[in-house]
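> need a structure here:
(2 chains)
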Amino acid sequence: MQAISTASLPDIIFMLLFFFMVTTVMRETTLFVRNQLPPATEVQKIERKSLVSFIYIGAPLQTQVFGTEPRIQLNDAFATPADIAAFISAEREARDEVERPLMTTSMKVDREVKMGIVTDVKQELRLVNALKVNYSTIRGEVRFGRY
Amino acid sequence: MADIAFLLLIFFLVTTTMDVDTGIMRLLPPPIDPAAPQPPPIKERNVFVVLIDFQDRLLVEGQLGNLYTLRQQTKDWLVNANNDPNKPEMRLAYIDNLGEVEVSRGVISLQNDRGTSYEMYIAVQNEVTAAINELRNEFSRQRFGIAFDDLTDEALIEAVREAVPMAISEAEPRDVAAGRTR
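Next up, the predicted model:
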C-alpha cells in the first residue's frame, strides 16, 4: 500500500492558522469580577466594537481579598459609580469627534448582581449623557422556572 | 515549517474566544433638568407598569403577574383590540411606505427595586422586547407578507419601527420596598 503524501500538510495547517489568526480577538482587560452573563433571546449584535466601552459589574473573583459585595470594574481597576463620568469622558476623548454620538456603553453584569449597583451606574451614565446602553447577555433561553 | 505552523495554530486555537458581543439595546432617558418645565403628564391608561420587587416578584398593572404570561399580556395591552378604556389610545399617523397607520400611544414602564436580581430584570426586559418584536413581525407580515426579522429594505424596516415603536421606559429609580423616591 502506498503511503499518503504529506506534502500538502503544511498548506492545510497554514490555512487553519490564518483562519484562527483572523478570527481571534484578544481580551484587553483582565477580569477581576465574576462575569456570568444572564441569558436572553431578543438580543442584538453590537455592530461597531471600536465604539463600545465596557463596564463590568460582579462579585470580585478574589473573595478573600476584596469580599463578596459586587464591584464595578473599569478598564483594569475597581471603581465606584463616581468614577464613571471620568471614564466615559476619557473614552469619548479617545474616539473621533464625528463618531462620539454613536458610542455605546456595554454593561457586562453578572447574573447574581442586584439591581441597586446597576441603577447607580445607569444614573451616572445618564448624567454624562451616555444614553446608548447595551445590557450584555448571552444568547439562550430564559430560565422561567426560578420565578 | 509545519511544526512552527502547528505551534502557532495551537496557540491561536487556545486563545480564540468565539463569542460575539450580544445584548439588549436600550436608550436611557436623558437627565432631568430641574429648571425645565414639567413635561405634560401621560394618561394613566397609556402606561403599562411592570414592577419587579426585591424578591423578584412581578406586579403588572397593580396585579401579581408572572413571566409566563407577561409577553402575551404586554401584546394584548399594546394592541388594545377591543378599545378598552383601560388600555392605550391609538393615534393616526402618516408613515412613509405605509400610509395612515394606527399607532399605539402605550408606554411600558419598567420599575425595579434595588434588591431586584439582574437576571430577573433582564428576563423581564427580554419578554417585553419579545412582545414588541412579535407585534412588529405580525404587522410586517400583514402589510408586506414577510416577517420583520426578514425585511431587508431599510426604508420598510424604519416604517415598521415607527408603526410599532419600542416604547419601553426605564423609570426613575425608586425604593419600592419603602415606597419612596430616592
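> show me where the chain has strands.
Chain wasn't specified; assuming chain A. Taking DSSP state E as the criterion, chain A carries its strands at A:39-40, A:44-45, A:52-58, A:71-74, A:77-79, A:104-109, A:132-136, A:138-139.
> actually chain B
Using DSSP E, the strands assigned to chain B run over residues B:22-27, B:47-52, B:58-60, B:63-65, B:90-95, B:99-104, B:107-112, B:168-170, B:174-175, B:180-181.
> and the angle for the fifth one with strand B:99-104?
Between strand B:90-95 and strand B:99-104, the angle comes out at 140 degrees (axes from the mean of the first three to the mean of the last three Cα atoms, to 10 degrees).
> tell me what strand B:90-95 is packed against?
Here strand B:90-95 touches strand B:99-104, helix B:154-163, going by 3 or more Cβ pairs under 8 Å, 6 or more residues apart in numbering or on different chains; DSSP states H and E. For glycine as for every other residue, the C-beta is placed from the backbone atoms N, C-alpha and C.
> got CSV for those, with mean neighbour count, distance to chain A and mean pLDDT too?
Formatted as CSV, the helices and strands packed on strand B:90-95 follow (neighbours: other Cβ atoms under 10 Å in any protein chain shown; distance: least, Cβ to the nearest Cβ, whole Å; pLDDT from 0 to 100):
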stretch, mean neighbour count, distance to chain A, mean pLDDT
strand B:99-104, 14, 19, 85
helix B:154-163, 16, 13, 88
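> what would these look like in JSON lines with distance to A:N129?
Converted to JSON lines, the helices and strands packed on strand B:90-95 look like this (distance: least, Cβ to Cβ, whole Å):
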{"stretch": "strand B:99-104", "distance to A:N129": "28"}
{"stretch": "helix B:154-163", "distance to A:N129": "23"}
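> Find the nearest non-adjacent residue to whatever residue of chain A ends up closest to chain B, please.
Relative to chain B, the nearest point of chain A is A:G116 (3.3 Å; Cβ to the nearest Cβ). Residue nearest to A:G116 in three dimensions, not counting chain neighbours: B:R114, with 3.3 Å by Cβ to Cβ, 6 or more residues apart in numbering or on different chains.
> rewinding a little: ok, which of the strands of chain B comes nearest A:P10?
strand B:22-27 (36.6 Å; Cβ to Cβ).
> And chain A, is that closest one touching that?
Yes. Judged by Cβ under 8 Å from any Cβ of the partner chain, strand B:22-27 and chain A are in contact via B:22-27.
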